[in-house]
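Trainee: need the 3D shape of this:
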Amino acid sequence: MFPAQALISWFKKNSRAFPWRNRRGVYGVWISEVMLQQTQASRVIPFYKKWMQRFPSLNSLAQARDEEALLYFEGLGYYKRFHGIMKTARLLSGKSFPKQAELLNKLPGVGKYTAAAIASLVFKQRVAVIDGNVARVLSRYFAIESSCAEIAKDSKTEALVESILPKREYAVFSEALIELGAVVCKKQQPSCNACPLALSCAAWLSKRVERYPLVLGRAQKKVFSTIGIIEKDNQFLLLKRENKTRLTDMWEFPILEHHKQGLSKQAIAKGLREQIGEQIAIEELNLLLTRKLFSFSHSYTSFKAYVEVWASDVKLSHEKLSKKKSYRLAKNARYVRKKALLKKPFGAAAARVREYLLAKAST
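Mentor: All right, here's what the predicted structure looks like:
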């Protein structure tokens, strides 16, 4: 028999203090669960506090502009989560959250785990709540030779968790199982001696804890990018990412992503140039990379970006200057003053460049 009561007792004595555990309303739980997706709890805390202070209710969030709300999500990554939050907020504005996990799962950006977590923690429903932490605990306790992703998606796992749910305090049990995976039954160097399940854990008893769960190897791609800093009258050119597969609605400096290291300055300038001009023939618009400022790398989920940042200059070709003294920007482009850069939401790479420019201004 699974030692559910021992797990619950352990959790009541050892659970971590988080701001979202002080707010058991559906709105606070929903926001925290979305922010916690693929993100460590310690990293979420400051974002959650600022978010709840600015948007304390569903209706206050539904009335907010996307760009302002996105500023409060900037830095958490996985921005598809943000767009799901905004869609759900507007869909439910003036209404109540559904209480059943099946209905919660139909809301934008609310996956099966988040729906089950809300149904369990808020509405005290007896449902299986399964995330990566739970999958890891199950893999070791029952000696399941699969990856966490495979265990979490397997329909048999839901039935397994439902079979070990206690008749009482099942919401506490679900939260305890997640907590155990996060702080004791960790990916690396699990603290088995402190585990309330150790005496009946198959992996521990067989001395093969390191074997579970299976780890699926995945090669990380390399992407090379060049960012062009274009300054005009103490303003910087920004482009808004519209209808992109990632970082949608975030702002960035003109950037060219390519898969070939050592691409020529001419080829890079041509790629950047095509992002900027509208209603001007490409050959009429000159863009020069004048000076390399700095470089850095940043890891994403499926690739690692190697970024070079260049000072750039853009102007019309000499033959056209007598007829046109300026050029028309693309619809998603804006010149923004340095102080206003903090009012625009940026992805990780663009934020590094913003930090550089602001630090340079203060020196």
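
Trainee: quickly list the domain ranges of this structure.
Mentor: Domain assignment for the chain, taken from automatic domain parsing, gives 4-211, 221-362.

Trainee: measure the longest one end to end?
Mentor: Think domain 4-211. The straight-line separation of the ends of domain 4-211 (C-alpha to C-alpha, to the nearest Å) is 24 Å.

Trainee: helix or strand with the lowest mean pLDDT in this protein?
Mentor: In the chain, no helix or strand scores lower on mean pLDDT, DSSP states H and E than helix 318-321, which sits at a mean of 49.

Trainee: about what we covered before: any idea which of the domains of the chain is most buried?
Mentor: domain 4-211 (a mean of 17; mean count of other C-beta atoms under 10 Å). Yep, even glycine has a C-beta here, placed from its N, CA and C like the rest.

Trainee: hey, least reliable of the domains of the chain by pLDDT?
Mentor: Lowest mean pLDDT within these: domain 221-362, a mean of 81.

Trainee: nearest residue to residue 303 other than its sequence neighbours?
Mentor: Of all residues not flanking residue 303 in the chain, residue 221 sits nearest, at 4.0 Å (C-beta to C-beta, 6 or more residues apart in numbering).

Trainee: ugh, wrong one, residue 133
Mentor: Using C-beta to C-beta, 6+ apart, the closest residue to residue 133 is residue 181 (2.7 Å).

Trainee: distance check, that neighbour against residue 275.
Mentor: Separation of residue 181 from residue 275 (C-beta to C-beta, to the nearest Å) stands at 44 Å.

Trainee: and what of residue 124?
Mentor: 52 Å.

Trainee: now swap in residue 50 and tell me
Mentor: Residue 50 is 32 Å from residue 275, by C-beta to C-beta.

Trainee: dump stretch 230-248 to CSV, restricted to CA.
Mentor: Taking Å, rounded to 0.1, in the frame of the first residue of the first chain, the C-alpha atoms of stretch 230-248 are listed here in CSV:
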residue,chain,number,x,y,z
ILE,A,230,20.4,51.7,-35.5
GLU,A,231,20.4,55.0,-33.8
LYS,A,232,18.8,58.2,-35.2
ASP,A,233,18.4,61.5,-33.2
ASN,A,234,19.1,59.7,-29.9
GLN,A,235,16.4,57.1,-30.7
PHE,A,236,16.8,53.4,-31.4
LEU,A,237,15.0,51.4,-34.1
LEU,A,238,12.9,48.6,-32.8
LEU,A,239,10.8,45.9,-34.6
LYS,A,240,7.8,44.2,-33.1
ARG,A,241,7.6,40.5,-33.7
GLU,A,242,4.1,39.9,-35.2
ASN,A,243,2.7,36.5,-36.0
LYS,A,244,5.9,34.7,-35.1
THR,A,245,6.2,31.1,-33.8
ARG,A,246,8.0,32.4,-30.7
LEU,A,247,8.3,35.7,-28.9
THR,A,248,5.1,37.0,-30.5
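
Trainee: who touches it?
Mentor: Stretch 230-248 is contacted by residues 79-80, 83, 229, 249-254, 275-276, 287, 311-314, 329-330, 332-338, 341, 344, 347, 357 when judged by C-beta atoms under 8 Å, 6 or more residues apart in numbering.

Trainee: which of these fall within helices?
Mentor: 80, 83, 275-276, 357 (DSSP state H).

Trainee: give me every residue that touches residue 160.
Mentor: 138, 142.

Trainee: secondary structure element for it?
Mentor: Element membership of residue 160 [criterion: DSSP states H and E] is helix 155-164.

Trainee: after that helix, which helix or strand is next?
Mentor: Past helix 155-164, the next helix or strand by DSSP H and E is helix 170-183.

Trainee: and the next helix or strand past that following helix?
Mentor: helix 202-205.

Trainee: can you pull out the helices in the stretch 1-150 of the chain?
Mentor: Using DSSP state H, counting those that start in this stretch, the helices of the stretch 1-150 of the chain run over 4-14, 26-35, 41-54, 58-62, 66-73, 80-92, 101-104, 112-121, 132-141, 148-153.

Trainee: I'm done for today, thanks for sticking with me.
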